[in-house]
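Asker: sequence plus the predicted model coming up.
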2 protein chains.
Amino acid sequence: MTLNILGCYAATPRSFTNPSSQVLEINNHLFLIDCGEGTQVQLRRNKIKFSRIKHVFISHLHGDHCYGLVGLISTFRLLNRESELHVYGPKGIKEIITLQLKLSNSWTNYPLYFHELTSKEPQMLFEDERVSVETIPLDHRIYTNGFLFKEKPGDRKLLVHKAREYNIDVSLFNSLKKGKDVTSETGELIPNKLVTANPVPPKSYAYCSDTAFYPQILPQIKGTTILYHESTFLEDRANLAAPTKHSTAKQAATIAKEAHVEKLILGHYSTRYNDLNLFKEEATEIFPDIELADDGKVFQFD
Amino acid sequence: MTLNILGCYAATPRSFTNPSSQVLEINNHLFLIDCGEGTQVQLRRNKIKFSRIKHVFISHLHGDHCYGLVGLISTFRLLNRESELHVYGPKGIKEIITLQLKLSNSWTNYPLYFHELTSKEPQMLFEDERVSVETIPLDHRIYTNGFLFKEKPGDRKLLVHKAREYNIDVSLFNSLKKGKDVTSETGELIPNKLVTANPVPPKSYAYCSDTAFYPQILPQIKGTTILYHESTFLEDRANLAAPTKHSTAKQAATIAKEAHVEKLILGHYSTRYNDLNLFKEEATEIFPDIELADDGKVFQFD
C-alpha cells in the first residue's frame, strides 16, 4: 500500500503548495482521492501514469478538492484514453463536468461514468476480490464524505515443508491456501492449520477531509491501519475551526487515538502556518505515531 | 504597456509549463487575458496583485483557456475582495461559474458581472478615457474571440519655453495640452502647433489565440503595436494545424507582416516541440521582429 500526496494544503493558493489530491496504490489499484486545481500537473511531476487511474473519489464540491477534475478528464481525452473512468462524488459533480465538456465541444472519447452520492450513511462504492471502498460520512459545511479503502484478506500462507511432511499432493495446495482441510495421500484428514499460517493482515486506509471533529466516524474507522485526517488549524485557532467545520491537529489526534489506528497522517493545513512541525508537536501529545503529509511525499506501508 | 506571460503552452499538461493566461498592464489597468488551470498560482509566482485585476477576458471555452477561472474567482472570495470583477467571455461562461459556486455554497461576497459574447462581429467591450478593449472574432473549432487593447491618444506635449516666449498665461496651459489655440497676454491668437508637440503615439496590443490562419482580422489589427498570435505548430505539422484550426509560426508571421504590426509575439506552442527557437526561425523568414512568449516572461513596451 503506497500513498502519494499530490497536494495537502487548504484553499488559499501559494506559489508552491497544492490543494487536496492524493493517489492511493492498494493491491494494484490506483485510486485518485480528491482533485484540486493543478492535480494533473502534480501527477506528471510525481511520474504517476495517467492511464492507471480508473477511479476518482471526490470528497466534496469545495473548489480545493475538485477544480482540477475537469482538466484531468479533458486531458485523458487528449491522450486518447480508451479505458473507463469512474468518478464518485456528491450529487452535482456530473452536471459540473458535463456542462463544461459540452460547452467546449470536447466530449470524452472514452467511457466516463459518474456515481453521484447523496446518502448520509456509509455506502459501498467499489468492491472486487482484492479491495473495497466505502464512504465515511463527515461533518463539513457542505455534503462531504471521507473514504475507507480496505484490502481483503489474502490466501493463507502455505508451509510447503509441512505439507510435504504430511504427504499432501501438490494439486491440493490451492485448497490449503483457501483454508480448506484436505486428505493426504495416505488417506488421513489433515486440518488446514497444521500446514498453513495466517495470511498477511489486510491493510486499510481512511481519508477524512474536510471535517469538523466528528467522533461519529469512530465505529467505522476503528482499527484502520492508516488514517489521513485533516488538521486545518492548531488549537490556537480552535475558534476558527468550529465555525468553518474544520479540525485542529489535537482533534485529529484524538480521533486517531480513540479509533486505535496504527498511524495518523496530518494534512489540509491552513496556509497561514509556516512551520508544519507545530502540527506534529500538538498531535503527538495525544497520539504517538504521527506523520506529516506534504506535497510530493510518498508513504510506503509494508 | 507591460505584458506578463503566465502561461503560453497548448493544452496537454507537462510538469513545468502552463496553459494560456497573461496579464496586460496598460495605462494603469491590469487586464487578465485567458485563465487556464493554474493561473492563480502563476499570478502569485509572478507577484501580481490579485486585487488589481478588475477585468478578465476569456477567448473561448476550451479548458486550457478557462479552467482556472472558477478557482481564481473563489480565491478572490477567500481574500475578502470587495471590488467589482467583470468577466467577458463566450455565452455559457456564466453558467459554468455560477453552477460551481452554487454547488460549493460559495457565492462571492463581491460584485461579479458576466458579459457574455455571441457576436461574430468586432464588439467594444470596455472603454474609458484612457483605453478601449474590443473583440477580434477568430476562426477556431468553437466560438472564439481575440482581444484588441488600445491606448487612447494622450495630451499634446506642452513646450513650456515656447509658451512663455509667446506670453501665454499659465492658466491656459491645460487648453494647449488639449490641442486648443489660445490668446496671448498681448492679445495675439497663438496656433496650438507653435507651442506644443505631438503626444506619445498610443500603443495597442492584439491577442489572437486560438485561431486558424484568418486574414479577415487584418483590417482590424492593421498597424497594431504588438501582436500576440498563436503558433501551435510549425509548418512540418501544417496538416495538423488546418483540421484543429490552429496556426503555424509561418502563418502567424504572415498575419504580422500583412497587418504591418511593429512586433509579433509567438505563443500557444504544442508541447510536442522541445525547442522554441524553431518557431522563431520559421517566423523570422517572413517577418523580422519576433519575440517568443514563455511562462513567466515579462515584455515591457516603452
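Answerer: Right, received. Where do you want to start?

Asker: does residue A:279 belong to a helix, a strand or coil?
Answerer: Under DSSP: H, G, I helix; E, B strand; the rest coil, residue A:279 falls in the helix class.

Asker: check contacts around the spatially closest residue to it that is not a sequence neighbour.
Answerer: Counting by C-beta to C-beta, 6 or more residues apart in numbering or on different chains, the nearest residue to residue A:279 once its immediate chain neighbours are dropped is residue A:249, at 4.4 Å. Placement of C-beta: from N, CA and C, glycine included. Shown in contact with residue A:249 (C-beta atoms under 8 Å, 6 or more residues apart in numbering or on different chains): A:231, A:233, A:234, A:235, A:266, A:278, A:279, A:280, A:282, A:283.

Asker: among these, which ones are in helices?
Answerer: Assigned to helices by DSSP state H, the following of those qualify: A:278, A:279, A:280, A:282, A:283.

Asker: how about JSON lines for these, with pLDDT and neighbour count added?
Answerer: Listed next are the ones in helices among the contacts of residue A:249 as JSON lines, based on pLDDT from 0 to 100; neighbours: other C-beta atoms under 10 Å in any protein chain shown:
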{"residue": "A:278", "pLDDT": "97", "neighbour count": "14"}
{"residue": "A:279", "pLDDT": "98", "neighbour count": "25"}
{"residue": "A:280", "pLDDT": "98", "neighbour count": "17"}
{"residue": "A:282", "pLDDT": "98", "neighbour count": "22"}
{"residue": "A:283", "pLDDT": "98", "neighbour count": "28"}
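
Asker: which among the residues you listed gets closest to residue A:78?
Answerer: Nearest to residue A:78 among the ones in helices among the contacts of residue A:249: residue A:279, at 38.1 Å, using C-beta to C-beta.

Asker: quick check: the farthest pair among the ones in helices among the contacts of residue A:249?
Answerer: Greatest spatial distance in these: A:278 and A:283, 9.7 Å, computed using C-beta to C-beta.

Asker: hmm, back to that, and which of the contacts of residue A:249 is nearest to chain B?
Answerer: Set against chain B, the nearest of the contacts of residue A:249 by C-beta to the nearest C-beta is residue A:233 (15.1 Å).

Asker: where does chain A dip in pLDDT?
Answerer: Across chain A, nothing is flagged by pLDDT under 70.

Asker: any idea how far apart the tips of stretch A:287-294 sit?
Answerer: Stretch A:287-294 has an end-to-end distance of 20 Å (C-alpha to C-alpha, to the nearest Å).

Asker: circling back to that earlier point, make CSV out of the ones in helices among the contacts of residue A:249 and add distance to residue B:140.
Answerer: Supplementary listing: the ones in helices among the contacts of residue A:249 in CSV, determined by distance: C-beta to C-beta, whole Å:
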residue, distance to residue B:140
A:278, 50
A:279, 47
A:280, 51
A:282, 53
A:283, 52
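
Asker: near chain B, which residues of chain A?
Answerer: A:11-15, A:37-38, A:40-41, A:44-45, A:60-63, A:67-68, A:70-71, A:74-75, A:78-79, A:90, A:92, A:95-96, A:99-100, A:103-106, A:141-142 (C-beta under 8 Å from any C-beta of the partner chain).

Asker: go through the contacts of residue A:249 and name the one nearest residue A:111.
Answerer: residue A:266 (36.8 Å).

Asker: mind listing what the residue lying closest to that closest one once chain neighbours are set aside touches?
Answerer: With sequence-adjacent residues excluded and distances taken as C-beta to C-beta, 6+ apart, residue A:266 is closest to residue A:231, at 4.5 Å. Contacts for residue A:231 (C-beta under 8 Å, 6+ apart) come out as A:247, A:248, A:249, A:251, A:252, A:266, A:267, A:268, A:269, A:279, A:283.

Asker: list the ones among these that fall in strands.
Answerer: Within the contacts of residue A:231, residues falling in strands by DSSP state E are A:266, A:267.

Asker: how about the strands in the stretch 151-300 of chain A?
Answerer: Counting by DSSP state E, counting those that start in this stretch, the stretch 151-300 of chain A has strands at residues A:157-158, A:182-183, A:189-190, A:196-197, A:204-208, A:226-230, A:263-267, A:290-292, A:298-300.

Asker: residues of the last one that come out buried?
Answerer: Along strand A:298-300, these residues count as buried under the neighbour rule (16 or more other C-beta atoms under 10 Å in any protein chain shown): residue A:299.

Asker: cool, and stretch A:247-260?
Answerer: By 16+ other C-beta under 10 Å, the buried positions in stretch A:247-260 come out as A:247, A:248, A:249, A:250, A:251, A:252, A:253, A:254, A:255, A:256, A:259.

Asker: now do stretch A:218-231
Answerer: So, applying 16+ other C-beta under 10 Å, buried residues of stretch A:218-231: A:220, A:221, A:224, A:225, A:226, A:227, A:228, A:229, A:230, A:231.

Asker: show me which of the residues you listed is closest to chain B.
Answerer: Chain B lies nearest to residue A:230 out of the buried residues of stretch A:218-231, by C-beta to the nearest C-beta, at 16.8 Å.

Asker: so what's the closest residue to residue A:183 other than its chain neighbours up against?
Answerer: Counting by C-beta to C-beta, 6+ apart, residue A:189 is the residue found nearest to residue A:183 once chain neighbours are left out, at 5.7 Å. Counting by C-beta under 8 Å, 6+ apart, residue A:189 touches A:181, A:182, A:183.

Asker: isn't the second one up against residue A:171?
Answerer: No. Using C-beta atoms under 8 Å as the test, residue A:182 is too far from residue A:171 to be in contact (9.6 Å).

Asker: OK, contacts around the residue of the stretch 101-250 of chain A found nearest chain B?
Answerer: Closest residue of the stretch 101-250 of chain A to chain B, C-beta to the nearest C-beta: residue A:103 (4.2 Å). Listed by C-beta under 8 Å, 6+ apart, the contact set of residue A:103 reads B:61, B:90, B:92, B:95, B:96.

Asker: so how far is residue A:166 from the residue lying farthest from the centre of chain A?
Answerer: Within chain A, residue A:186 marks the point farthest from the mean C-alpha position, 48.8 Å out by C-alpha atoms, centre = their mean. Shown here: residue A:186 relative to residue A:166, a distance of 9 Å by C-beta to C-beta, to the nearest Å.

Asker: how about stretch A:166-182: buried residues?
Answerer: So stretch A:166-182, judged by 16+ other C-beta under 10 Å, has buried residues A:166, A:168, A:172, A:173, A:176, A:177, A:182.

Asker: got the end-to-end distance for that stretch?
Answerer: Distance between the boundary residues of stretch A:166-182 (C-alpha to C-alpha) amounts to 10 Å.

Asker: which residues in the stretch 1-150 of chain A form helices?
Answerer: Secondary structure of the stretch 1-150 of chain A (DSSP state H, counting those that start in this stretch): helices located at A:39-45, A:63-66, A:69-78, A:93-103.

Asker: rewinding a little: take the contacts of residue A:231 and write them to TSV, including distance to residue B:85.
Answerer: Listed next are these as TSV, based on distance: C-beta to C-beta, whole Å:
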residue	distance to residue B:85
A:247	32
A:248	33
A:249	35
A:251	36
A:252	36
A:266	35
A:267	31
A:268	27
A:269	28
A:279	34
A:283	39
